[in-house]
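S.K.: test case, fold it:
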Amino acid sequence: MDGTTQDNAFSPSAPDAEHRKRQTGNWFARTLPHSFFESLKRDLEVVENSCIFTLPVTVWLMILQRLSPRGTLATAVGELVNGNERALLAPCKRVREGSISLATGAYSQARQRVPVEAVRRIAERTFERLLEVAPRTGLRDRLFVLDGSSIRLSNTAALTKVYPPAENQHGASHWPVMRVAVMHHVVTGLAMAPQFGPMYGPEAVSEQGLAAPLIGRLPPGSVLIGDRNFGIFAIAWCAQVQGHKVLVRLSQSRAARLNGGVLDCEGERTVIWEPSRADRRSHPAISADARIEGRLIVAKPEGAQEILYLFTTMEEPAGQVTPLYNERWNIETDLRSLKEQVRLHTIPARSPDLVAAELLIAIAAYNFVRAVMAEAARQIDHDPRRLSFSRSREAVYAFTRAAAAVESEKEFERRWKILLRSLTQCKLPKRNRPPTPRLVWPHPHGFPVRKTPGSKI
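M.R.: All right, here's what the predicted structure looks like:
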């Protein structure tokens with residue numbers, strides 16, 4: 001990713017020229033080259049002594065943890081000892097003697113030393129540079145989906161102070177909860193570095209408040225898609241100020257107010273959206289003359305159970321705009337992949353900084369897999385979304401282990417082609433399922449619920 005934007009960052013034909021002899025077959029260094037880490041350390045004034053777990057090695061092992069099935073510290077260190085990305089190692093004494101220990105203490109301490117800002121820049125770079133090499137030829141390539149979610153954290157004094165648990169009339173719950181806002185590219189599934197904050201407590205943040213920085217980092221001329229949670233004036237105004245188009249779903253009451261108090265049958269109507277008193281009170285930064293010209297589209301797609309009330313600033317015909325809202329469902333499957341395949345349903349770190357670092361590293365690992373999926377899809381002229389993320393992640397992880405023993409560029413190219421061919425076989429079946437209400441699988445418990453001291457049994 002240190003070359004021109006026309007080259008594929010993952011292609012073996014576009015390696016980083018610097019340290020090429022040391023990094024033969026090192027696909028990680030081709031994405032985040034040595035020069036990037038040196039610049040990062042200068043900017044953040046990171047000083048490193050001669051050691052095994054330098055910043056590039058630590059970042060790679062954290063990514064490897066997210067790609068591996070188990071993801072333990074011992075798994076990551078074991079991969080390094082057995083040769084996985086040994087080219088990243090600095091020539092310290094233990095490396096020269098070949099006496100790297102399987103103990104995880106040094107790696108654990110190195111993870112805690114990684115600056116959060118460094119990991120954020122790594123996550124941002126994986127998104128921005130990988131998106132640059134992806135072809136953008138049509139309207140669908142400009143679409144980005146905005147959504148929010150939550151992540152459960154470990155119960156430690158440091159985390160409960162920053163991310164307070166939920167409370168009700170019965171008291172506080174046990175687990176701290178982090179709220180996150182995410183922005184994903186519709187075609188490739190690449191994810192921006194998310195914004196996050198506490199979900200509960202006096203410093204709680206809303207998904208709408210977290211969305212503004214994400215909108216500010218969108219590529220020029222993008223189209224933002226959001227559900228009813230983001231179908232508010234502040235989000236649409238923020239996108240318009242940044243030069244982006246919007247396609248957001250409105251609640252029925254908000255659509256009626258926008259249409260003069262009444263709602264017509266299916267069709268479209270040109271409207272002018274002005275902020276209400278509540279909008280100005282909750283978002284003081286909105287200018288006094290703020291207004292958005294757009295269209296209100298009322299439609300009921302075939303097979304849908306609800307009428308859609310859509311507001312858009314796009315110029316395309318309503319028949320072309322309305323189906324684009326169906327792309328919003330992609331972010332639901334992306335969040336499922338992040339939580340199940342990259343294991344972001346909970347973050348076991350015990351400090352706020354390490355929680356932030358683990359979240360951002362997980363996004364970088366997710367983007368690596370998505371980028372390889374996009375390259376494989378281009379090989380067969382296929383939609384990247386029609387490839388299985390879980391099977392692709394497993395194939396990419398197997399490739400990292402196989403490439404560890406590679407000693408020549410020719411052999412690396414051969415294994416790279418095997419990886420791409422493997423991913424082209426990870427096609428998802430076409431399922432035509434009727435829409436059903438959202439249901440949650442129960443989680444049976446084999447043990448009684450733990451009681452706090454003093455509680456009544």
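S.K.: only C-alpha atoms for contact and neighbour calcs from this point on.
M.R.: OK.
S.K.: tell me which residues are up against the strand ranked longest in the chain.
M.R.: Assignment by DSSP state E gives strand 143-153 as the longest strand of the chain. Contact with strand 143-153 is made by 159, 175-187, 199, 207, 211, 222-227, 230, 327-328, 331, 344-349, as judged by C-alpha atoms under 8 Å, 6 or more residues apart in numbering.
S.K.: show me where the chain has its strands.
M.R.: Using DSSP E, the strands found in the chain span residues 143-153, 167-168, 171-172, 177-185, 195-198, 223-226, 245-249, 267-273, 292-299, 308-312, 346-347.
S.K.: now render those strands as a markdown table, adding mean neighbour count.
M.R.: Formatted as a markdown table, these follow (neighbours: other C-alpha atoms under 10 Å):
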| stretch | mean neighbour count |
| --- | --- |
| strand 143-153 | 21 |
| strand 167-168 | 10 |
| strand 171-172 | 10 |
| strand 177-185 | 23 |
| strand 195-198 | 22 |
| strand 223-226 | 24 |
| strand 245-249 | 25 |
| strand 267-273 | 15 |
| strand 292-299 | 20 |
| strand 308-312 | 25 |
| strand 346-347 | 18 |
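S.K.: and the ones you listed as CSV, adding mean pLDDT and distance to Ala398?
M.R.: Output for these, formatted as CSV (pLDDT from 0 to 100; distance: least, C-alpha to C-alpha, whole Å):
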stretch, mean pLDDT, distance to Ala398
strand 143-153, 96, 28
strand 167-168, 90, 44
strand 171-172, 88, 43
strand 177-185, 97, 26
strand 195-198, 97, 31
strand 223-226, 96, 35
strand 245-249, 97, 40
strand 267-273, 92, 51
strand 292-299, 94, 46
strand 308-312, 95, 44
strand 346-347, 94, 24
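S.K.: of those strands, which is nearest Val81?
M.R.: Closest of these to Val81 is strand 346-347, at 25.5 Å (criterion: C-alpha to C-alpha).
S.K.: measure how far the closest one is from the centre of its chain, please.
M.R.: In this view, strand 346-347 has its centroid 15 Å away from the chain centroid, taken as C-alpha atoms, centre = their mean, to the nearest Å.
S.K.: other SSEs contacting it?
M.R.: Strand 346-347 is packed against strand 143-153, helix 352-379, with contacts defined by 3 or more C-alpha pairs under 8 Å, 6 or more residues apart in numbering; DSSP states H and E.
S.K.: recalculate using a threshold of 6 Å.
M.R.: For strand 346-347, the elements it packs on are strand 143-153, judged by 3 or more C-alpha pairs under 6 Å, 6 or more residues apart in numbering; DSSP states H and E.
S.K.: got a pLDDT number for Ser287?
M.R.: Ser287 carries a pLDDT score of 87 in this model.
S.K.: count of residues packed around it?
M.R.: Residues lying near Ser287 (other C-alpha atoms under 10 Å) number 11.
S.K.: same check, this time on the one 4 residues further on
M.R.: By the other C-alpha under 10 Å criterion, the neighbourhood of Arg291 contains 16 residues.
S.K.: looking at it, it is touching Glu274, isn't it?
M.R.: Yes. Assessed by C-alpha atoms under 6 Å, Arg291 is found in contact with Glu274 at 4.7 Å.
S.K.: residue ranges with poor pLDDT in the protein?
M.R.: Applying pLDDT under 70 to the chain flags residues 1-28, 135, 433-438, 445, 451-457.
S.K.: done for today, thanks.
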